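Asks: Sequence and predicted model, in that order:
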Protein chains: 2
Amino acid sequence: MNPATFLRVLGPEPWRVAYVETTVRPDDARYGENPNRMGVYYQYQVILKPDPGNPQEVFLRSLEALGIDPREHDIRFVEDRWEAPPLGAWGLGWEVWLDGLEITQFTYFQQAGGMSLDPVSVEITYGLERILMAVQRVGHFSEIRWDGRRSYGDLLLTAEQEHSKYFFETANVARLKQMFGDFEQEAQLALAGGLVFPAYDYLLKCSHTFNVLDARGSIGVTERASYFGKMREIARQVARAYLAERERQGFPWREPSEPRSHEAPLRGRPPTQPTAFVLELGTEELPVGDLGDALDQLETKLPPLLEELRLEHRGIEVMGTPRRLVVHVKGLAPRQSDRTRTLKGPPANRAFDANGNPTAAARGFAKSAGVPIRALQTQELAGGHYVVAEITETGLAAAGILAEALPGLLASLQFEHPMRWDASGTAFARPIRWLLALHGGCLVGFEYAGLRSGRTTRGLRTSQAEQIRVRTPADYFDRLRRAGILLDRQRRQAAISRQILRLASAVKGKVVGDPELLEQATNLVEAPVALRGGFDRSHLDLPREVLVSVMKVHQRYFPVESKGGLLPYFIAVGNGVGGRQVIRGHEQVIRARFADAAYFVARDLRQRLEDYVPRLEALTFQAELGSMLDKSRRIERLVERLADPFELTTSERGTALRAARLCKADLATQMVRDMTSLQGAMGRYYALQSGEPQAVAEAILEHYQPRTTGDELPQSGPGVVLAVADRLDSLAGLFAIGVQPTGTRDPYAMRRAALGVVQILTTQRQDFDLRIGLGWALEGLGRTASEQVLPDCLDFISARQQHLLLGKGWPHGVIEAVLAEQGYNPHGAALAVEDLATWVNRPDWPKILQAYARCVRITRDIPGLPSFSPDRIVEPATRELHAAILAGEQQPRRTGSVGDFVEAFLPVIPAIDRFFDEVLVMTDERALRENRLALLQRVVNLADGVADLSKLEGF
Amino acid sequence: MNPATFLRVLGPEPWRVAYVETTVRPDDARYGENPNRMGVYYQYQVILKPDPGNPQEVFLRSLEALGIDPREHDIRFVEDRWEAPPLGAWGLGWEVWLDGLEITQFTYFQQAGGMSLDPVSVEITYGLERILMAVQRVGHFSEIRWDGRRSYGDLLLTAEQEHSKYFFETANVARLKQMFGDFEQEAQLALAGGLVFPAYDYLLKCSHTFNVLDARGSIGVTERASYFGKMREIARQVARAYLAERERQGFPWREPSEPRSHEAPLRGRPPTQPTAFVLELGTEELPVGDLGDALDQLETKLPPLLEELRLEHRGIEVMGTPRRLVVHVKGLAPRQSDRTRTLKGPPANRAFDANGNPTAAARGFAKSAGVPIRALQTQELAGGHYVVAEITETGLAAAGILAEALPGLLASLQFEHPMRWDASGTAFARPIRWLLALHGGCLVGFEYAGLRSGRTTRGLRTSQAEQIRVRTPADYFDRLRRAGILLDRQRRQAAISRQILRLASAVKGKVVGDPELLEQATNLVEAPVALRGGFDRSHLDLPREVLVSVMKVHQRYFPVESKGGLLPYFIAVGNGVGGRQVIRGHEQVIRARFADAAYFVARDLRQRLEDYVPRLEALTFQAELGSMLDKSRRIERLVERLADPFELTTSERGTALRAARLCKADLATQMVRDMTSLQGAMGRYYALQSGEPQAVAEAILEHYQPRTTGDELPQSGPGVVLAVADRLDSLAGLFAIGVQPTGTRDPYAMRRAALGVVQILTTQRQDFDLRIGLGWALEGLGRTASEQVLPDCLDFISARQQHLLLGKGWPHGVIEAVLAEQGYNPHGAALAVEDLATWVNRPDWPKILQAYARCVRITRDIPGLPSFSPDRIVEPATRELHAAILAGEQQPRRTGSVGDFVEAFLPVIPAIDRFFDEVLVMTDERALRENRLALLQRVVNLADGVADLSKLEGF
């Protein structure tokens, strides 16, 4: 990022800049083969600071100036959270799609160098090649006409091919790592000398070098975090130093902010009869999820609000599109309902004298309450008689009331990732750009987010006359309907469903069902126009998972299938604009996307999956824990040891070992390096293509499961063992080198790994002693770890199970009691929790617990008791207790079973009660006392390995 | 250099490009303090390939478009040889000066990547800041108005200051060297994979890193060569690989070259009477030296040429300005003179029969000679009688003859650095752009350098109507005079002298005399306009040498002085344009130049000279020979040993040692790092400013002398010793590590060092045995060197003396003879050569040499002779010879004296003659024979240490 962007967005000073920048993204290099993806290309980068109030419109006009008529294209603002972790920078905004192709990133910078930005800067980065392709209507970047004679390819294709080769095949990893280190140190050196710009230069060099290393496939997941950390730290220091210097100079560019001029309000006459009210909050394109959230919140909050405001109505409709949130209150009363209040005055005996004439106190009260003396009444209140006045408040005009209430309503809307954009400091999902509020023909005038409400709405971005002035709510709905905008989500969704169904049927197919995608499509457009595009049948050779992923995740297209097989079509949902040209645009995009995937898969299939194993050496798992190859070898050894406890058959054992060898191999493939989410899926696919047995392929896929909460779990024996082995290795290894999650930071997803172990073992109903498993894993590391590592790691896993069990509603105490004794075996613990919870709810439980607790309480603080000696028994009660204990101890019990423990303990209870009744335990005679205590200790020990009952409520 | 320049200028394909480029030149960084010099700035770079034929005019029009009217400014094209050693690139062209300020580099690229370019590319690099300063009329780059509100300084000054600090103070040398190595290796790796563009990227990184290291002051002279070599090698490989790839593609951009259209010739009537001829060769601005060379050559070549062409005339004038070479032949005959030739035919007796009638042979001869039979005559030729025919050739028209001869004349002009520019392949000092050749009113039509001669000349570049059509030579001279152009060098020089004298007098000063500068000024303009500018008196605090250097070397200004002190004025000589604005321009330039020098001197004076000594550690002398600090310590030790043989007094010895300690210190100062030519001069100045004794300061200056051929030599004893010590250390060290000059490559200027030793010792008439001196120098290195090093190094020094002596006209044989015996002592050798040369010219010399030679010849191929034994003497002749030899051997002689040798030898000659007459040396009796030979060997040995006479002519 050019310092003209990174540094200048910091601090309060205004700044506007535009420049062309060469962009190097090694990861996007494709040897010049992909139509619109390159490793080296050009961007036109713009910063508008502060937000001018209409940056999207400015941007669209710039596209028009470039020859792209928004009325002929499907131009969409698709939500985007932009992030540059090495620069500690992020922002919210959109990818701008032109007929499906991302041509620009549009971002409201929220942070840079780890600092919150105020004012927020608007950053617009135009992808010049893609825009040129659209303007010149060519299908491949290399066909762009450079001048009258030569093409872009003539000039730059060779360089692109060579850079691709360099990034992916040639760059020397060790040397680039050395360079990174040198750049980093030089940046630190510059910073130590207060040199902001040189330090930033080196940061950019770090970042570029990192990107090459990353493209080269030699940065492990854990190593990445370390690189990011180093860069972010420099970025942070650079930003601070820059700001400090500007501040020292008194922020010389700062300007007084100019108040924004507002539309002169045309108030109109307040209604006298119930009539419709409409509120429209005009926004820049809201993210799909935020739109849903906002509508839900409005639906929840409006009825009580209107009630509180005493505004009667005949129903509320909440509607919305990405560009507007609309509230429609039908038949809203012109005024609030009146209300009567009773004011309490002085005691009656002080308000009226003996003659019943009002005193000065009564007169004063009447005056302050604003009623005539004669209107005062006497009431009995709280045991006394008081003078009271009844006051009738006449309801105010609805418009005035709403004008006061609406800002609060809007401010109360909450979003997961709110953003700021201008000096008003308002936080919202995306910038609010206009407010319309009409009660009948009357403007409800209020201010919010630096805007004044008015009577102007806007049509589709693509329409000629975007600004529409409306008279009344009815007029509003009518105009928007005529503009083609479907305000209502359900109606919009239904329209989309109808359209895509029709388009799919026309090619004898059906849409691959996906409610989430349908929801997204609905929330992405105001005037849905479904378009069916096709692609070359040859792309169908790609694995279905890849095709579907690409269509859905990248493009939000609906795949079309017939009899379970995909058809060479897709359906896109555009916003208001259709036509051949738009479809052609989408087709080119999906072609490029598929070409990209095909490029990876084809390259990957040049070798068998097994051949990728050695390359794992170049992928660092974690600096201290070695490469992914080291890791997969450790997994193999661990699988070998786990095979027995997990009772694998000989054949399963073979499958598991083979799968262990191959399980990480797909990480070295290009497809997975490009779409990490396909890890496992590609491993499975490549395994099958390489001739591996089906069971091996499945185990490879399974070993990543569960990938997210609610994901599937491994089912096959080998898959289970492999999944457990992988996670135990990670956890043991990371704990051994002292890397644990702190607070909300969990860069290595250790919590998910631990949870996975618990879920797998419990779902498989598999008893397994994690102490043994972690011991093996630690042994496998080939390094000595402190003694505390194993218990700490075990506690960490138990904490995940505790969390899981709490989520299922089991009582806290029960969970704690069981995990204290059985945390090492999640499955057993899960059963025990269920059991114990049942026991705890039985009516006789308090008695049981009480008996056990007496034994615990009296013994627990006394250390070093000798073992019980039957020879010293004196009293019959003691003898009885001893006999009962012996019986209990000898009763056959299943390990960890709560029920078995209770069954064994129940017969001891009467003996315990008698013992305490008849025997003074704490006698002064030490030997006797200790023998008695030792006997009670035997009682306590009965619960060993089952639960620590002292954790229970009521103990 | 952008690959769009570096790569695209290679090969035959046409290319035109223009782009803005950030330029980083760490060495030019000045903390933002200099008005027009920065470390980071912007250039607009243009490539025109091939030469469009009028690139200067295109460029001037572009300046006009930018708002710079050439008619109001002194715009000059000042010769420049541009070179980028790391890229193996160089070219010839100009700095373009706007009122004294370099605003653009204009270059015809001759080579890139070590490859000759065909076609040649025109490169124009506009200095954007400087052009803006001129256009906006501001005096400091930071005042440039960036937009309506902010200045260049507002945006970029802080960065410039920080970069300066980083380059000069902060950058970590060791780390940057590591980076350089990594970049270099990565470039090599990319090249090995055939990746041209990535390799070139890394080459640029190398180059940038080198530049920072250089600015940091940590690259020694010798180390620089090694860095350059590495980069050049990469550049060479990159260029080759790129070209190979383009060739493989069949050079797809190659276009058929279009024939240039020529002015339709208007021939005019050939003269019938003697009349003036004028030839004008119109060029782009010729370098000062080349203009002189060309005029000298024309003056030499024209008279014989016209004579050979039999063209009579009344005188030749050769004139010229930077833009034209002009030949004026007065009263040139309209035609060649006629001439008569005699053709030899058959012998007379075969041409005529007995009757005197012509035979067939005679008829045939007459026919072939084109004469009637009766015109044949008989002549006695070479002892026989032959038939001859006399033929009269009528002279042809002068115009036709000249048209044929002129291309050859022009092609015969030689330049030290010729260049090519277009498809004609012509080599000349700078491009030729038009040809005018008129004989009276008649066009002399010929073609040269792809041009046709015509009748159009051009006026001053700055004039409105540059193209001028002329009728006759008289018209030509008249029009040019009216255009203000002084064609004649002497007149131009006189005009300048007058003007500068007048301007200097007006401020009561005189011009600091400098014939070279006057010559330069004369050759730099066509219409001299001297301008006096002033500068702030405060600049006069700078050392005079610095001021004069800056004015002369950088700006070609005449300094003005009064009573030996400089005045705060300078005189510039502009080309046709004067006025306040131009003067103001020059004043701003000199202000910036002085500011630059003052900046350095002030920074340097913050410390004493001695304090710079430790910093020499960071300056590498040569990788294997350590730092400049190591070197200066070695020099100190060597001075200590040389003090005795050079007979220094105790006080001189002290001076020499102190000077030795300080002699290299100024290399670490910024002034010297910026203007290396001031080394020594600044050392002297800083020494005095630091309170060192005058003698020490002088010795520091002297130790660099002689810096060039013809430079002063050290005079003081300490200066001499220091100068010798420095050179011996360099020579011994570089030979010890095997670094010797090869062919024309002498990166460490070892030839100059060796020559300096010889010149100093001979001028000082100082006998000194270099074997001892080199031995000490080798000892001082602290490393073992092969035994061959010392003799090789001595031979190398001798070779320089040989060259020097040959240049003085001494005979080759004499020099060889003396150096073979006395090469170790240059002073003695020089005397001996003089002596021997005198002897050799004496009439009795052949006899002396003959006698000596007899002794040598008979003994020289016989190895291992025993020593002569007087006991075995048999014959009287032998006895006599022995006695003569003994006398000769015992005669007192000065070491190496030729005269003394001859005096001793002369008396031996008769004995030698008698001996050979009477004694058969080669008798069969071995003992006797060997004894006689041994005696003769004693004769031979008389010349030992004087000369190896066998090298002489006639031996």
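Replies: Arrived safely, thanks for sending.
Asks: Which residue, other than its chain neighbours, is closest to the residue of the stretch 751-900 of chain A found nearest chain B?
Replies: Chain B sits closest to A:Arg783 of the stretch 751-900 of chain A, with a gap of 30.9 Å, by CB to the nearest CB. For the C-beta atoms, the positions are set from N, CA and C on the backbone; glycine is no exception. Nearest residue to A:Arg783, sequence neighbours excluded (CB to CB, 6 or more residues apart in numbering or on different chains): A:Ala736, at 6.6 Å.
Asks: How many residues are close by the one you found?
Replies: The number of residues packed near A:Ala736 is 22, by other CB atoms under 10 Å in any protein chain shown.
Asks: give me every residue that touches it.
Replies: A:778, A:781, A:783, A:785, A:789 (CB atoms under 8 Å, 6 or more residues apart in numbering or on different chains).
Asks: Neighbour-wise, which one of those leads?
Replies: Neighbour counts for those, by other CB under 10 Å, peak at A:Leu778, which reaches 22 neighbours.
Asks: pLDDT score assigned to that one?
Replies: For A:Leu778, the model assigns a pLDDT of 94.
Asks: A:Arg893 too?
Replies: What the model reports for A:Arg893 is a pLDDT of 89.
Asks: swap in A:Gly733?
Replies: Predicted confidence (pLDDT) for A:Gly733: 95.
Asks: what about it, which helix or strand?
Replies: helix A:717-736 (DSSP states H and E).
Asks: After that helix, which helix or strand is next?
Replies: Using DSSP H and E, the helix or strand that follows helix A:717-736 in sequence is helix A:750-763.
Asks: hmm, who's touching that next one?
Replies: So helix A:750-763 is in contact with A:705-706, A:713-714, A:720, A:723-724, A:727-728, A:730-731, A:734, A:740-741, A:746, A:766-768, A:770, A:796-797, A:799-801, A:803-804, A:825-827, A:830, going by CB under 8 Å, 6+ apart.
Asks: Run the angle between the helix or strand that comes right after that helix and helix A:750-763 for me.
Replies: Heading C-terminal from helix A:750-763, the first helix or strand you meet, by DSSP H and E, is helix A:770-780. Inter-element angle recorded for helix A:770-780 and helix A:750-763: 130 degrees (by axes from the mean of the first three to the mean of the last three CA atoms, to 10 degrees).
Asks: tell me what helix A:770-780 is packed against?
Replies: helix A:628-642, helix A:717-736, helix A:789-807 (3 or more CB pairs under 8 Å, 6 or more residues apart in numbering or on different chains; DSSP states H and E).
Asks: Can I get it as PDB, trimmed to CA atoms?
Replies: The C-alpha trace of helix A:770-780 is given here as PDB (Å, rounded to 0.1, in the frame of the first residue of the first chain):
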ATOM      1  CA  LEU A 770      -6.300 -39.100  27.000                       C
ATOM      2  CA  ARG A 771      -3.500 -39.200  29.500                       C
ATOM      3  CA  ILE A 772      -2.100 -42.200  27.600                       C
ATOM      4  CA  GLY A 773      -2.800 -40.600  24.200                       C
ATOM      5  CA  LEU A 774      -1.200 -37.300  25.100                       C
ATOM      6  CA  GLY A 775       1.700 -39.200  26.600                       C
ATOM      7  CA  TRP A 776       2.300 -40.900  23.300                       C
ATOM      8  CA  ALA A 777       1.900 -37.700  21.400                       C
ATOM      9  CA  LEU A 778       4.500 -36.000  23.600                       C
ATOM     10  CA  GLU A 779       6.900 -38.900  23.200                       C
ATOM     11  CA  GLY A 780       6.500 -38.500  19.500                       C
END
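Asks: Give me the contacts around it.
Replies: A:634, A:637-638, A:641-642, A:645, A:724-725, A:728-729, A:731-733, A:736, A:757, A:785, A:789-790, A:793-794, A:797, A:823-826.
Asks: could you check the distance from whichever residue of the stretch 401-550 of chain A sits closest to chain B over to A:Asp69?
Replies: Here the residue of the stretch 401-550 of chain A nearest chain B is A:Ala423; by CB to the nearest CB that distance is 19.6 Å. According to CB to CB, to the nearest Å, A:Ala423 and A:Asp69 sit 34 Å apart.
Asks: So the two - more neighbours on which side?
Replies: Taking other CB under 10 Å, A:Ala423 and A:Asp69 do not tie; A:Ala423 has more neighbours (16 against 10).
Asks: Would you confirm that the more buried one contacts A:Pro256?
Replies: No. Checked against CB atoms under 8 Å, the pair A:Ala423 and A:Pro256 is beyond contact range at 11.3 Å.
Asks: which residues touch A:Phe109?
Replies: Neighbours of A:Phe109 in contact, by CB under 8 Å, 6+ apart: A:9, A:89-91, A:117, A:120-123.
Asks: So what are the sheet partners of the helix or strand it falls within and their directions?
Replies: Taking DSSP H and E as the definition, one finds A:Phe109 inside strand A:101-112. Strand A:101-112 has its sheet partners listed here by DSSP bridges as strand A:89-98 (antiparallel), strand A:115-127 (antiparallel).
Asks: just the ones you listed: most buried one?
Replies: Comparing the strands paired with strand A:101-112 by mean neighbour count (mean count of other CB atoms under 10 Å in any protein chain shown), strand A:89-98 ranks first with a mean of 24.
Asks: Show me how far it is from its chain's centre.
Replies: Distance, stretch centre to chain centre, for strand A:89-98: 17 Å (CA atoms, centre = their mean, to the nearest Å).
Asks: and what of stretch A:165-185?
Replies: 33 Å.
Asks: how about that stretch against chain B, any contact?
Replies: Yes. Stretch A:165-185 reaches chain B (CB under 8 Å from any CB of the partner chain) through A:165-166, A:169-172, A:175-176, A:178-179, A:182-183, A:185.
Asks: State the mean pLDDT of that stretch.
Replies: Mean predicted confidence for stretch A:165-185 is 96.
Asks: ok, residues contacting that stretch?
Replies: By CB under 8 Å, 6+ apart, the surrounding residues in contact with stretch A:165-185 are A:26-27, A:29, A:31, A:39, A:202-203, A:205-206, A:209-210, A:212-213, A:215-218, A:227, A:230-231, A:234, A:618, A:670, B:172, B:175, B:178-179, B:182-183, B:185-186, B:189-190, B:193, B:195, B:198.
Asks: ok, A:Leu881 to A:Glu903 distance?
Replies: In terms of CB to CB, A:Leu881 sits 18 Å off from A:Glu903.
Asks: And those two? Which one has more around it.
Replies: Ranked by neighbour count (other CB under 10 Å), A:Leu881 and A:Glu903 place A:Leu881 first, with 28 against 14.
Asks: Please identify which helix or strand holds the more buried one.
Replies: Short version, using DSSP H and E: A:Leu881 is in helix A:876-890.
Asks: hmm, back to that, now which of the contacts of stretch A:165-185 would you call buried?
Replies: The neighbour-count test (16 or more other CB atoms under 10 Å in any protein chain shown) marks A:26-27, A:29, A:31, A:39, A:202-203, A:205-206, A:209-210, A:212-213, A:215-218, A:227, A:230-231, A:234, A:618, A:670, B:175, B:178-179, B:182-183, B:186, B:189-190, B:195, B:198 as buried among those.
Asks: wait, does stretch A:237-249 make contact with chain B?
Replies: Yes. For stretch A:237-249 and chain B, the contact criterion (CB under 8 Å from any CB) is met by A:Glu245.
Asks: ok, residues contacting stretch A:59-71?
Replies: Here stretch A:59-71 makes contact (CB under 8 Å, 6+ apart) with A:75, A:96, A:98, A:104, A:106, A:124, A:126, A:131, A:134-135, A:461-464, A:577.
Asks: can you tell me the average pLDDT over that stretch?
Replies: In this model, stretch A:59-71 carries a mean pLDDT of 92.
Asks: So which bits of that stretch are buried?
Replies: By neighbour count on 16+ other CB under 10 Å, the buried set for stretch A:59-71 is A:59-60, A:62-63, A:68, A:70.
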